[in-house]
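> Mind looking at a prediction? Sequence and model below.
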Amino acid sequence: MIEFVNVSKQFRDGKWWGQKKTIQAVRQVSLQIKAGTCFALVGESGSGKSTLGNLLIGLEKPDQGQVLFQDINLHEAGPEQRQRLRRDMQIVFQDPYSAVNPRMKIKDVIAEPMRVHLEYSAGEIKERVKQLLEEVGLSEDAGEQYSHQFSGGQLQRVTIARAISIRPKVIILDEVINSLDVLVQVSIMKLLKHLQRNLNLTYLFICHDLHAVKLFADEVAVLDKGEIVDYTNDVTRFDQLKHPASRRLIEAELPIVTQASEVHKQTDEEYVVTKGLYVS
Ligand SMILES: Nc1ncnc2c1ncn2[C@@H]1O[C@H](COP(=O)(O)OP(=O)(O)OP(=O)(O)O)[C@@H](O)[C@H]1O
């Protein structure tokens, strides 16, 4: 579904002895993401995770290499293909409050992509918004409210409803659970898992929380200073990740990850998130 082929991206930023400083945000990254799977990108802050997400959604252009979506080079696509790609790929960000216009009612927030991309009548949009609210676990009344009337978790459900409204194939989840408290993290992960199965979605899951990755992803790549330094397609075997950057992430999480793996083996439907907390 998605392929990064030797992708590099630099930024020129700030002043360094009178000259602009060059930051190598992504360095010769190659990876493949299969349809219907969840690929996790983990790494310390500044390792290049969000830049890779932005390259995929088209917010950034690579200096070198290619980003392919269903064999189409995203950065050489014509206007029609680009329009189609904008529909097929959606992104959900960490902070739902800054991702939603506070002056818009929630029903209009959710309807926005449909108005841009689909030729639905007003009646069809109204019906679809109702369905979407239900699909993400919100009541119909929620559509009449504004973002400040929602908790972070509820508003993240709204941004997820907006993302799935035009039936994309891929969703980039950029630290979507990081700003939420533990129980809410669990419920959002369960919702995302449910939607992935029902809608056959492909996820690029950007995260630095390894126990979430363990329970949520099919494959994981570790980024360090813009480079992929480790990879596994068995997220139950983090011991296979040997690079010092991976070890630092694992050592920070170890007691919880061990516990999570024990419960994960019991059934697919059980989720452990943190501090021994266990929700099914
Ligand atoms: N638009 C930009 N202009 C200048 N530098 C940038 C820009 N975007 C990212 N960078 C730099 O590129 C590097 C990688 O940033 P990126 O946001 O991709 O990392 P990250 O792994 O997602 O970090 P975090 O987990 O903190 O979000 C960092 O050094 C960052 O400061």
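Great, that's in hand. Numbering: from 1, shown residues only.

> Every contact and neighbour count from this point should use C-alpha atoms.
Noted.

> Those residues of the protein touching the ligand, which are they?
11-13, 25, 43-51 (C-alpha under 6 Å from any ligand atom).

> can you rerun that using 8 Å?
For the chain, the residues found near the ligand under the criterion C-alpha under 8 Å from any ligand atom are 10-13, 23-26, 42-52, 175, 206-208, 223, 225-226.

> Which ChimeraX command selects the buried ones in those residues?
Filtering the residues of the chain next to the ligand down to the buried ones (16 or more other C-alpha atoms under 10 Å) takes a single ChimeraX command:
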select :10,24,25,26,42,43,44,47,48,49,50,51,52,175,206,207,208,223,225,226
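
> Which members of the residues of the chain next to the ligand occur in strands, if any?
Judged by DSSP state E, these include 10-13, 23-26, 42-43, 206, 223 as members of strands.

> can you put those in TSV and add pLDDT?
Formatted as TSV, those follow (pLDDT from 0 to 100):
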residue	pLDDT
Q10	95
F11	92
R12	86
D13	76
I23	91
Q24	94
A25	96
V26	97
V42	95
G43	93
I206	96
L223	96
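
> Give me the neighbour count for V7.
Neighbour count of V7, defined by other C-alpha atoms under 10 Å: 22.

> got it, and L118?
L118: 13 neighbours (other C-alpha under 10 Å).

> Setting the sequence-adjacent residues aside, check what's closest to it.
Leaving out its chain neighbours, the residue that sits closest to L118 by C-alpha to C-alpha, 6 or more residues apart in numbering is I166, at 7.5 Å.

> which element is that neighbour on?
Under DSSP states H and E, no helix or strand contains I166.

> ok, it touching V116?
No - in this structure, I166 is not within contact of V116 by C-alpha atoms under 8 Å, at 9.7 Å.

> So for these two, which sits in the more crowded spot?
I166 (22 against 11).

> so what's the more buried one up against?
By C-alpha atoms under 8 Å, 6 or more residues apart in numbering, the contact set of I166 is 87, 113-114, 117-118.

> Among these, name the buried ones.
87, 113-114.

> Any idea how many residues pack against E119?
With other C-alpha under 10 Å as criterion, E119 counts 10.

> I meant to write G65 there.
So G65, with other C-alpha under 10 Å, has 18 neighbours.

> which residues does the closest residue to it other than its chain neighbours bridge with?
In space, G65 comes closest to V7 once its chain neighbours are excluded; the distance is 4.2 Å by C-alpha to C-alpha, 6+ apart. For V7, the beta-bridge partners are V29 (DSSP bridges).

> Next, the contact list for V7, please.
26-30, 62-67.

> Give me the distance between the helix or strand I188 falls within and the centre of its chain.
Secondary structure from DSSP H and E places I188 in helix 182-199. The chain centroid and the centroid of helix 182-199 are separated by 12 Å under C-alpha atoms, centre = their mean, to the nearest Å.

> Ok, stretch 21-30 next?
Worked out by C-alpha atoms, centre = their mean, stretch 21-30 lies 20 Å from the chain centre.

> which residues of the stretch 1-150 of the chain score low on pLDDT?
14-18 (pLDDT under 70).

> for it, what spans make up the helices?
Remark: helices assigned in the stretch 1-150 of the chain by DSSP state H, counting those that start in this stretch are 49-57, 79-88, 96-99, 106-117, 122-135.

> Do you know the pLDDT at the spatially most central residue of the chain?
Centre of the chain computed as the mean C-alpha position; nearest residue by C-alpha atoms, centre = their mean is L173, 1.0 Å away. pLDDT recorded at L173 is 96.
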